[in-house]
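*Asks:* dropping a prediction and its sequence here:
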Amino acid sequence: MEIVELARYLTPLPEEAMQRNAAIQRVRDVVACIWPEAQVKVFGSFATGLYLPTSDIDAVVLGSGCEDVPQGLKALASALHRKHLAKDIQVITKAKVPIIKFEEAESCYKFDISFDVANGPEAAESVRALMDVLPPMRHLVMVLKVFLHQRDLNEVYAGGLGSYALLVLVAAFLQLHPSRQPSRRFGKGPSKPEDLEQNLGILLIDFFRLYGRTLNTYDVGVSCRNGGAYIKKSASGFYSSERPYLLAVEDPCDPTNDLARNSYNISRVRAAFEYAYLRMVAPSSPKESILARVLRLDPVLFMRTPVAHPESPQRPHKKSRKKRKSESPAAQEAAEKQNKKKRKHRERSLSLEEEGAAPAAREDTRNPSHPLSPAPIAGSGQDGHRRSRRREAQGLEAADGIAGHSGSSNASGSRHIRFD
């Protein structure tokens, strides 16, 4: 139930979708000024509906007729800069797929735009098809994206696990879950989609166990094509003698493409999965939140208005002031006392959220900083949080010997263009 409620809470609001669509339209208008016949198509998490409030917007420019892609990216960067529609513009021309990264000035949404790469929209279609036949996939992906985001393990450029690779991992895990395998001992027939384990908590724990401690990543990779399979890395061409520990994830749209080949910090990702598995299977009290052991309250993700539950009864409208005037003084006094109690409770809840009030989160950040626990809330302005962040950084280096990776940012917020 916790996982269902969390996924529902993180479901994009209509206002968020409208803001993102408006930002995409502004970018489309700039592209049309340069290449009138070109089309801007969105793919990735926004196209599949599995995006968080902090997720980037992935788009591709098709039909531009641009033969020199690096020059086309630079032309788009210059146009965005002239129209003051973007900041922190970065043109990356040396990557396998050259892209332009920027932050849309009005909405502050981050964009990643490529040219003439048609497999992005195709990947979004395949993900939607998988979600249709694997109902638990949406809930698990939303929880896991928050899990990786809170540990800074969700960016491929920093060695983390990308969204598309995570989707394939979840799909392959569900396809190959033991609950779907036919039992030859009892003579059962082939498995059906409804045979899949329905308890999301068990599925999440099994996911952490499989990819955190069970899977042999040196020899085996995963694929979600043709019902899911474990593949041999050497036979698929995904084995790297320099980095044999890398996780191999086959692209369902291109079997020759390894989606996790650049996730060089996969050891930290797997260690985080194993840590979450151990935390979730540890003894607990009946009223304790198991999910709070691995996730913390995040002001960016959770300080939002939740989506109304479709089966929840509609709350009655508050009485108007005119009706209240007709009530007796005793009734008005009782209503005022009730409102005061509600205001105090609401103020206390907000203050607890600002402090990261979940017991498991406080335990994680105050103990000798475990490198796999969620990072403390940044920018809180409290000395305790700053000390916790320093201790966490020291613990990371001492435990793993791995220096933290963070993307470059412009603190002043001024507009600039960087070419890499």
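*Replies:* Alright, I've got the coordinates.
*Asks:* what helices or strands is the host helix or strand of residue 269 leaning on?
*Replies:* Element membership of residue 269 [criterion: DSSP states H and E] is helix 266-281. Packed against helix 266-281 by the contact rule (3 or more C-beta pairs under 8 Å, 6 or more residues apart in numbering; DSSP states H and E) you find helix 136-149, helix 200-209. Using the backbone N, CA and C atoms, a C-beta is placed for each residue, glycine as well.
*Asks:* minimum distance to residue 333: which of those has it?
*Replies:* Nearest to residue 333 among those is helix 136-149; the distance by C-beta to C-beta comes to 44.3 Å.
*Asks:* so the closest one versus helix 200-209, what angle?
*Replies:* In this structure, helix 136-149 runs at an angle of 50 degrees to helix 200-209, with axes from the mean of the first three to the mean of the last three C-alpha atoms, to 10 degrees as the basis.
*Asks:* which residues are contacting helix 136-149?
*Replies:* The set of residues external to helix 136-149 that reach it, using C-beta atoms under 8 Å, 6 or more residues apart in numbering, is 3-4, 6-7, 10, 45, 50, 52, 54-55, 130-131, 154, 160-161, 163, 166-167, 170-171, 174, 196, 198, 200, 203-204, 207, 269, 272, 276, 291, 294-295, 298, 301.
*Asks:* that helix: what's the following helix or strand?
*Replies:* On the C-terminal side of helix 136-149, the closest following helix or strand by DSSP H and E is helix 163-175.
*Asks:* flag every buried residue along that next one.
*Replies:* Judged by neighbour count using 16 or more other C-beta atoms under 10 Å, the buried positions of helix 163-175 are 163-175.
*Asks:* likewise stretch 223-231?
*Replies:* Neighbour-count burial for stretch 223-231 flags 223-225, 228, 231 (criterion: 16+ other C-beta under 10 Å).
*Asks:* cool, and stretch 204-223?
*Replies:* By neighbour count, and taking 16+ other C-beta under 10 Å as the criterion, the buried residues in stretch 204-223 are 204-212, 215, 217, 221-223.
*Asks:* ok, the closest residue to residue 69 other than its chain neighbours - contacts?
*Replies:* Computed as C-beta to C-beta, 6 or more residues apart in numbering, the closest residue to residue 69 that is not its neighbour in sequence is residue 115, at 4.7 Å. With C-beta under 8 Å, 6+ apart as the criterion, the residues that contact residue 115 are 60-61, 64, 66, 69, 72-73, 98.
*Asks:* repeat that with 10 Å
*Replies:* If a contact means C-beta atoms under 10 Å, 6 or more residues apart in numbering, then residue 115 has 35, 38, 60-62, 64, 66, 68-70, 72-73, 76, 97-100 as its contacts.
*Asks:* which of those are buried?
*Replies:* Neighbour-count burial within the contacts of residue 115 applies to 35, 38, 60-62, 64, 66, 69, 72-73, 76, 98-100; the criterion is 16+ other C-beta under 10 Å.
*Asks:* re earlier: can you list which of the contacts of residue 115 are found in helices?
*Replies:* Assignment to helices by DSSP state H places the following of these there: 69-70, 72-73, 76.
*Asks:* can you give me the domain boundaries for this protein?
*Replies:* In the domain annotation for the chain, the residue ranges read 13-117, 123-183+191-275, 343-404 (automatic domain parsing).
*Asks:* got TSV for those, with mean pLDDT and distance to residue 284 too?
*Replies:* Conversion of these to TSV gives the following (pLDDT from 0 to 100; distance: least, C-beta to C-beta, whole Å):
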stretch	mean pLDDT	distance to residue 284
domain 13-117	89	27
domain 123-183+191-275	90	11
domain 343-404	45	10
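*Asks:* residue 162 contacts residue 259, doesn't it?
*Replies:* Yes - with contacts defined as C-beta atoms under 10 Å, residue 162 counts as touching residue 259 at a distance of 6.8 Å.
*Asks:* could you tell me which residues touch both of the two?
*Replies:* Joint contacts of residue 162 and residue 259 (C-beta under 10 Å, 6+ apart) are 156, 168, 249.
*Asks:* in TSV, list those along with distance to residue 120.
*Replies:* Supplementary listing: the shared contacts of residue 162 and residue 259 in TSV, determined by distance: C-beta to C-beta, whole Å:
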residue	distance to residue 120
156	14
168	14
249	16
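*Asks:* closest one to residue 334 among the domains of the chain?
*Replies:* Ranking the domains of the chain by their distance to residue 334 (criterion: C-beta to C-beta) puts domain 343-404 first, at 15.3 Å.
*Asks:* next up, phi/psi of the residue nearest to residue 69, please.
*Replies:* For residue 115, the backbone dihedrals are phi -120, psi 130 (criterion: degrees, to the nearest 10).
*Asks:* three-state assignment of residue 221?
*Replies:* Under the three-state scheme (DSSP: H, G, I helix; E, B strand; the rest coil), the conformation of residue 221 reads as strand.
*Asks:* now do residue 231
*Replies:* Under the three-state scheme (three-state DSSP), residue 231 adopts strand.
*Asks:* partner residues bridging residue 103?
*Replies:* The partner list for residue 103 in beta bridges (DSSP bridges) reads residue 87, residue 110.
*Asks:* so which residues of the stretch 1-150 of the chain form strands?
*Replies:* If DSSP state E, counting those that start in this stretch is used as the criterion, the strands of the stretch 1-150 of the chain fall at 39-43, 57-62, 86-92, 99-104, 110-115.
*Asks:* relative to the first one, what are the paired strands and their orientations?
*Replies:* Read it as strand 39-43. strand 57-62 (antiparallel).
*Asks:* so the partner strand versus strand 110-115, what angle?
*Replies:* Strand 57-62 and strand 110-115 are oriented at 20 degrees to each other (the same axes, to 10 degrees).
*Asks:* so strand 57-62 versus strand 99-104, what angle?
*Replies:* With the same axes, to 10 degrees defining the directions, strand 57-62 sits at 130 degrees from strand 99-104.
*Asks:* could you give the angle of strand 57-62 to helix 163-175?
*Replies:* Going by the same axes, to 10 degrees, strand 57-62 makes 110 degrees with helix 163-175.
*Asks:* all numbers from here: first residue = 34
*Replies:* That works, and once the first residue is 34, the last one we named lands at strand 90-95.
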